[in-house]
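> predicted coordinates and the sequence they were generated for:
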Amino acid sequence: MSNPYIQATPDQIIEMLAAVDATSIDEIFNDQIPSDLQHKDTFDIPTALSELELQGHLTRMAARNQAADSLTSFMGGGIYDHFVPTAIMHVANRSEFVTGYTPYQPEASQGLLQAFFEYQTLLSRLYDMPVSNASLYDGASAVGEAVFMALAVHPDRNRIVMSESVHPDSRALVATYMAHFNTKVDIVKAGNGLTDVQALGESLGDDVAAVVVQHPNYFGCLEDVHGIEKRVRESGALFIVVADPISLGVLAPPGTYGADIAVGEGQPLGLNQYAGGESVGIFTCKSEFMRKVPGRLVGQTKDREDRRGFVLTLQTREQHIRRAKATSNICTNHAHNALRASIYMCLMGPQGMGEVARACVRNTNRLKSAILKKHTDAIAFTAPVFKEFVIRTNRPAQQVRDALLLKGYLAGTPLFETCGSGYENLLLVATTEKRTDAEIDGFAEALGEFL
């Protein structure tokens, strides 16, 4: 039982086994796992490393990484290279916020509760929706929770309709969530990068609980959300919109075109890209669905002395109420990331959010124009876009991505990796406010031989 990673002594192990009336650890496993499911042979596991050896091993592994600062990023597809103001971490890492005490509990400090309340207020205003929860894990889980809410609102309906232009990760998550429910998930094709509104209308019926679209969508294209909303209303289903928060600096927010539930990925709001992105799930909805919101809602009130205070108004998770009445078993809300998103929005303000969004539009148009000057057929879809778009390559996009990496560019996302067959020669590229004219022009020139 000697293992440097297990701190219990042999005497402590004997004491614990006696407490549960067992003679060995194997006896405990044998009682829980059927014999035919147990691995009988030994595992070929190397001897545990000492702390000194482990530090050296991890240092050598880390040395293989290529510093992101040495590469110019044109990657997107959900995680973006936006500017992160230094002030965010200066404020968010204050000792009042960075604590081992979980902020989930009703007795959370007034400071944390106010931070959540401000987050909710900022997101409600940004998405023009009456209600925002205190955040979720990430954008994909927010989509899944929105679908669960729609099914709770329409318990007599058992079908979900999603556009093919919704992020593949979100579609996969919804399929996983629904796998063990009596709920069918139908995917509507996206021709020319956009949802086929006619096909979507034909797929609707009185058994559809919700329609899910993304605007701007996974390909960067702007959907006909007004036309889609009209079809959804006619069916009586809920309209779920996935929206990039940065895009709302220039695009109309979901609340203005009839969204019942609006969700998104909050990584662009001052969060980094570590290992695929620091994330926070945005979840907003109409006020009539408030009691079905997953997670928690923080409200503002007054105490006996007429002082402003903050309380957990609704806690509909299974940790807080009877399991059968829980709206969700979601147990992660990335509170610190939500705090950082709040700080970002406060630092930017409405004018700053608009400036960031307009800079993204300007840089995207510059890259598209530079490509079209020499390669008129290189842009895959003709629809208007925000921040990213799809280009056609003259060889598999994965090869293009790898070749441009050697030239110092994170060239984008080969769509074959996320969308599968039929997308082999399509590359999704993104431009944020961080890209300079020289970087954009250099990238367009480097792309030239592959278009």
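Now that the structure is in, tell me what you want to look at.
> can you give me the first-to-last residue distance of stretch 288-295?
The straight-line separation of the ends of stretch 288-295 (CA to CA, to the nearest Å) is 16 Å.
> list the buried ones in it?
Under the neighbour-count criterion of 16 or more other CB atoms under 10 Å, stretch 288-295 has 289, 292, 293, 294, 295 buried. (Each C-beta comes from the backbone N, C-alpha and C, glycine too.)
> just checking, the second one touches residue 150?
No: with contact defined as CB atoms under 8 Å, residue 292 and residue 150 do not form a contacting pair (9.3 Å).
> ok, and what's touching stretch 186-204?
159-165, 171, 211, 213, 217, 219-221, 223-224, 227-228, 231-232, 234-235, 237, 380-383, 390 (CB atoms under 8 Å, 6 or more residues apart in numbering).
> start to end distance for that stretch?
By CA to CA, one end of stretch 186-204 lies 10 Å from the other end.
> tell me which residues of it come out buried.
Buried residues in stretch 186-204, defined by neighbour count with 16+ other CB under 10 Å: 187, 188, 190, 193, 194, 195, 196, 197, 200, 201, 203, 204.
> ditto for stretch 345-363
For stretch 345-363, a neighbour-count test (16+ other CB under 10 Å) marks 345, 348, 353, 356, 357, 359, 360, 361, 363 as buried.
> centre of the chain versus it, how much separation?
20 Å (CA atoms, centre = their mean, to the nearest Å).
> what about dumping the CA coordinates of that stretch to PDB?
What follows is stretch 345-363, C-alpha atoms only, in PDB (Å, rounded to 0.1, in the frame of the first residue of the first chain):
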ATOM      1  CA  MET A 345     -18.300  44.800 -19.300                       C
ATOM      2  CA  CYS A 346     -18.000  47.500 -16.700                       C
ATOM      3  CA  LEU A 347     -14.600  48.600 -18.000                       C
ATOM      4  CA  MET A 348     -15.900  48.700 -21.600                       C
ATOM      5  CA  GLY A 349     -19.300  50.200 -21.000                       C
ATOM      6  CA  PRO A 350     -21.800  50.500 -23.900                       C
ATOM      7  CA  GLN A 351     -19.400  52.600 -26.000                       C
ATOM      8  CA  GLY A 352     -16.500  50.300 -25.500                       C
ATOM      9  CA  MET A 353     -18.500  47.200 -26.400                       C
ATOM     10  CA  GLY A 354     -19.600  48.900 -29.600                       C
ATOM     11  CA  GLU A 355     -16.000  49.900 -30.400                       C
ATOM     12  CA  VAL A 356     -14.800  46.300 -30.000                       C
ATOM     13  CA  ALA A 357     -17.600  44.900 -32.100                       C
ATOM     14  CA  ARG A 358     -17.000  47.500 -34.900                       C
ATOM     15  CA  ALA A 359     -13.300  46.800 -34.900                       C
ATOM     16  CA  CYS A 360     -14.100  43.100 -35.400                       C
ATOM     17  CA  VAL A 361     -16.300  44.000 -38.300                       C
ATOM     18  CA  ARG A 362     -13.700  46.300 -39.800                       C
ATOM     19  CA  ASN A 363     -10.900  43.700 -39.500                       C
END
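> identify the residues contacting it?
By CB under 8 Å, 6+ apart, the list of residues contacting stretch 345-363 reads 82-83, 85, 87-88, 118, 122, 126, 246-251, 269-270, 386-387, 431-433, 435, 440.
> the residues you listed in helices, which ones?
Judged by DSSP state H, helices contain the following of those: 87, 88, 118, 122, 126, 440.
> how near is the residue nearest to the fourth one when sequence neighbours are not counted to residue 113?
For residue 122, the nearest residue in space outside its immediate sequence neighbours is residue 345; the separation is 4.7 Å by CB to CB, 6 or more residues apart in numbering. Here residue 345 is placed at a distance of 18 Å from residue 113 (CB to CB, to the nearest Å).
> now swap in residue 416 and tell me
Separation of residue 416 from residue 113 (CB to CB): 46 Å.
> look at these two and report which has more neighbours.
residue 113 (22 against 17; other CB atoms under 10 Å).
> would you confirm that that one belongs to a strand?
No: counting by DSSP: H, G, I helix; E, B strand; the rest coil, residue 113 is not found in a strand; it is helix.
> give the contact list for it.
Residues near residue 113 by CB under 8 Å, 6+ apart: 298, 310, 311, 312.
> so what's the residue count around residue 25?
With other CB under 10 Å as criterion, residue 25 counts 12.
> thought it was touching residue 10?
No: Residue 25 sits out of contact with residue 10 when judged by CB under 8 Å, with a separation of 11.7 Å.
> got the contact list for stretch 276-284?
Here stretch 276-284 has contacts from 78-79, 123-124, 127, 129, 131-133, 135-142, 145-146, 245, 254-255, 261-267, 269, 271-272, 293-295, 333-334, 337-338, 341, using CB under 8 Å, 6+ apart.
> and the residue nearest to residue 122, how close does it get to residue 132?
For residue 345, the distance to residue 132 - CB to CB - is 12 Å.
> what does residue 27 give?
According to CB to CB, residue 27 and residue 132 sit 50 Å apart.
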